[in-house]
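Peer 1: Mind folding the following:
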Amino acid sequence: MEDKIWFNIVNRMPYGELDGVIRVTKSNLPQFIDQIKESIEAFNREIEWDKMWDIEESNKRLSNNQVLFLLRDNKGALGHVWFKEDYLYNMFVSERRVTGTSMRFILHCFNYVPYKNIKLYCDNWNYKAQKFFKKVGAKKISSYL
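Peer 2: Here you go, the predicted model:
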């Protein structure tokens, strides 16, 4: 995984709340299938990535007690992020977002993650994500463990 840069973020909740965030778990999945599909479609319109998850994968993840946060506004799907315990991954926020929305979204989600330290990684080439996570307070670490 030498092409990855691992980060740790100290979760200093509570943070402000953000309207339009939906917390999806295995217990409420059926009521949010359409919103999940819409978020997947929003991602696929903006980013070409052959490892993008789908509804079947989201079912598996949620069955394993992972949590999906969806971000919506009055135009529909705006973003999403997954948490597997203390590990944050597959974060996306649409380009049509208002400035500051990405930070407010992730901090809102941290309010509902019961871990003091949150881990994530970015690909070496993804400078935009690295810059964003540093802005949220992420510090580089050598590995996830």
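Peer 1: what's the spacing between whichever strand or helix holds residue 80 and its chain's center?
Peer 2: Using DSSP states H and E, residue 80 sits within strand 76-84. Centroid displacement of strand 76-84 relative to its chain, using CA atoms, centre = their mean, to the nearest Å, is 5 Å.
Peer 1: Need the contact partners of that strand.
Peer 2: By CB atoms under 8 Å, 6 or more residues apart in numbering, the residues outside strand 76-84 that reach it are 20, 35-36, 38-39, 41-43, 61, 64, 66-72, 88-94, 96-97, 101-102, 105-106, 109, 113, 118. Heads up, the C-betas are built off the backbone N, CA and C, glycines and all.
Peer 1: Quickly run through the sheet partners of it, with directions.
Peer 2: strand 67-73 (antiparallel), strand 87-93 (antiparallel) (DSSP bridges).
Peer 1: closest to residue 47 out of the ones you listed?
Peer 2: Among those, strand 87-93 comes nearest to residue 47, with 7.3 Å by CB to CB.
Peer 1: The helix or strand following the closest one packs against which elements?
Peer 2: Going down the chain from strand 87-93, the next helix or strand is helix 101-110, by DSSP H and E. Helix 101-110 sits against strand 21-24, strand 67-73, strand 76-84, strand 87-93, helix 127-135, with contacts defined as 3 or more CB pairs under 8 Å, 6 or more residues apart in numbering; DSSP states H and E.
Peer 1: and the angle from the last one to helix 101-110?
Peer 2: If you take axes from the mean of the first three to the mean of the last three CA atoms, to 10 degrees, helix 127-135 sits at 50 degrees to helix 101-110.
Peer 1: For helix 127-135, buried residues please.
Peer 2: Buried residues in helix 127-135, counted by 16 or more other CB atoms under 10 Å: 129, 130, 132, 133.
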